[in-house]
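Q: Provided below for reference: sequence and predicted model.
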Amino acid sequence: MANILIVGGAGYVGGALTDRLLTAGHKVRVYDFLVYEESYRKPVDFIYGDIRDWARLDPHLKWADAVVWLAALVGDGACSMDPKLTEEINRDTVRELSKRFNGRILFTSTCSVYGAQDGLLHEESPLNPLSMYAKTKHEAEKFLLDKNAMVFRLGTLFGVGDTYSRIRLDLVVNVLTVKACLYNRISVFGGDQYRPLLHVRDVAEAVVPNLESKHTGLFNLHTVNVRITDLADMFQKHFPGLEVNRTEVSFQDGRNYQVTSEKAKKTFGFSPKWELESGMLELKALIQADRLKNVATPRHSNHKFLKEILERPASPLGYETPTSL
Ligand SMILES: NC(=O)c1ccc[n+]([C@@H]2O[C@H](COP(=O)([O-])OP(=O)(O)OC[C@H]3O[C@@H](n4cnc5c(N)ncnc54)[C@H](O)[C@@H]3O)[C@@H](O)[C@H]2O)c1
């Protein structure tokens, strides 16, 4: 039973991972700055802190056998607003982590590092990071390649992670589910672009067997590569009478790629448990039962919420005041 520190553990992935690690019998501690949350309510050791505050973080790194590093500004929109802040949080902290911690590290990167490319992309394929988000995640990966670390390049996530944490409603499957539930209408821009998708709880399934494994290096993780237009067809099956507005106007986000997770499958038997439809249906059930009071609140979207807090005169993410809100 190892001591596991989940850095950024109060987020969408962190919620699912915390539950899964507790079920597996590990001692879990979460370190997070609660950028999007008002409180942390899981019955788990919790440390409120910024990942740039090493005096605060160091004692917890000493306690940990393994660190799962999830903390980041996540998403193209969220990272585009303040490039310097994005570099500090997404890249520079990982450089520092690689110097200060010699235990096991599991790091979440993104398949967005591949950008727009043809073919089935694997871990050695050329990269084409098109955004600050993808660029800083790729730069962070490099600090971990000679460490006792695994870097998971995740597809775009979907589904419900856990009971307490904020559900991100700024991810393609989740966005379409909300729109289909509320308006019985979805819009598909372009639609021919492929995206690799992965259920949020399958991230936890990949982390658990690797906390103490000897594997290192880069691993793509996805369940399925889906064209946005095919997603729309799936929604029509589950929402009778759903109106789908398809437009040829290409979406400004140029990402278009398919990946293979064969390496993860061969190396540690990665086999995603949750299908696309089950993730969509669990979110649909929450919305239809009025369990999400206001899906439009900026808190459900990293970009919208960060925009609000970055526009405040004294931003809580300001570098000078990393520990005061
Ligand atoms: N959600 C996806 O589709 C997706 C896809 C690919 C990769 N990932 C990766 O998975 C990881 C988790 O993503 P998520 O969807 O859970 O995001 P999230 O935004 O829900 O969670 C990120 C967490 O990091 C914390 N955080 C941010 N800045 C911090 C700071 N300075 N100090 C301390 N804590 C800080 C936030 O409070 C939040 O709890 C990220 O590394 C992301 O790059 C996510």
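A: That came through fine. Numbering: from 1, shown residues only.
Q: figure out how far the helix or strand hosting Arg56 is from the centre of its chain.
A: Secondary structure from DSSP states H and E places Arg56 in helix 54-63. Chain-centre distance of helix 54-63: 23 Å, with C-alpha atoms, centre = their mean, to the nearest Å.
Q: what about Ala289, how many neighbours?
A: Per other C-beta atoms under 10 Å, the neighbour tally for Ala289 reads 8. From N, CA and C alone the C-beta is placed, and that goes for glycine too.
Q: typo on my end, it should be Ser39
A: Counted with other C-beta under 10 Å, Ser39 comes out at 8.
Q: element containing it, please.
A: Counting by DSSP H and E, no helix or strand carries Ser39.
Q: again with Val203
A: Assigned by DSSP H and E, Val203 falls in helix 200-207.
Q: pick out the residue in the protein sitting closest to the ligand.
A: As assessed by C-beta to the nearest ligand atom, the ligand sits closest to Gly11 within the chain, at 2.1 Å.
Q: how about the nearest residue to that residue, chain neighbours excluded?
A: Of all residues not flanking Gly11 in the chain, Leu70 sits nearest, at 6.1 Å (C-beta to C-beta, 6 or more residues apart in numbering).
Q: so what pLDDT did that neighbour get?
A: Listed pLDDT for Leu70 reads 98.
Q: still on that earlier bit, tell me the average confidence for the helix holding Arg56?
A: 97.
Q: distance of Ala2 from Met81?
A: Distance, Ala2 to Met81, using C-beta to C-beta, to the nearest Å: 37 Å.
Q: next structured bit after the helix holding Val203?
A: Following helix 200-207 in sequence, per DSSP H and E, is strand 217-221.
Q: what are the pairing partners of that next one, and which direction each?
A: strand 149-154 (parallel) (DSSP bridges).
Q: counting contacts, what elements does the lowest-mean-pLDDT helix or strand in the chain pack onto?
A: Here the helix or strand of the chain ranked lowest by mean pLDDT, DSSP states H and E is strand 116-121, holding a mean of 84. If contacts are counted by 3 or more C-beta pairs under 8 Å, 6 or more residues apart in numbering; DSSP states H and E, strand 116-121 sits against strand 256-259.
Q: for the stretch 101-250 of the chain, which spans come out with low pLDDT?
A: Scanning the stretch 101-250 of the chain for pLDDT under 70 picks out 249-250.
Q: quick check: residues of it near the ligand?
A: Residues of the stretch 101-250 of the chain lying close to the ligand by C-beta under 6 Å from any ligand atom are 108, 110, 137, 154, 156-157, 168, 171.
Q: re the thing from before, buried set for the helix holding Arg56?
A: Judged by neighbour count (16 or more other C-beta atoms under 10 Å), helix 54-63 contains these buried residues: 56-57, 60-61.
Q: give the next helix or strand downstream of it.
A: strand 66-69.
Q: whichever helix or strand comes after that next one and the ligand, any residue contact?
A: Note on strand 66-69: by DSSP H and E, the next helix or strand toward the C-terminus is helix 76-80. No. Contact of helix 76-80 with the ligand (C-beta under 6 Å from any ligand atom) is absent, the minimum separation being 7.7 Å.
Q: show me the contact partners of helix 76-80.
A: Residues outside helix 76-80 that contact it (C-beta atoms under 8 Å, 6 or more residues apart in numbering) are 73, 86, 90, 112, 130-134, 136, 170, 253, 302-303, 306.
Q: go with 6 Å
A: Here helix 76-80 makes contact (C-beta atoms under 6 Å, 6 or more residues apart in numbering) with 73, 86, 131-133, 302-303, 306.
Q: for that helix, give the mean pLDDT please.
A: 92.
Q: next, the buried residues of that helix.
A: Under the neighbour-count rule (16+ other C-beta under 10 Å), helix 76-80 has 76-79 buried.
Q: hmm, back to that, now the next helix or strand after the least confident helix or strand of the chain, how far from the centre of its chain.
A: Remark: after strand 116-121, the chain's next helix or strand is helix 132-142, criterion DSSP H and E. The chain centre lies 14 Å from the centre of helix 132-142; the measure is C-alpha atoms, centre = their mean.
Q: let me know the angle separating helix 132-142 from strand 217-221.
A: When axes from the mean of the first three to the mean of the last three C-alpha atoms, to 10 degrees is applied, the directions of helix 132-142 and strand 217-221 differ by 140 degrees.
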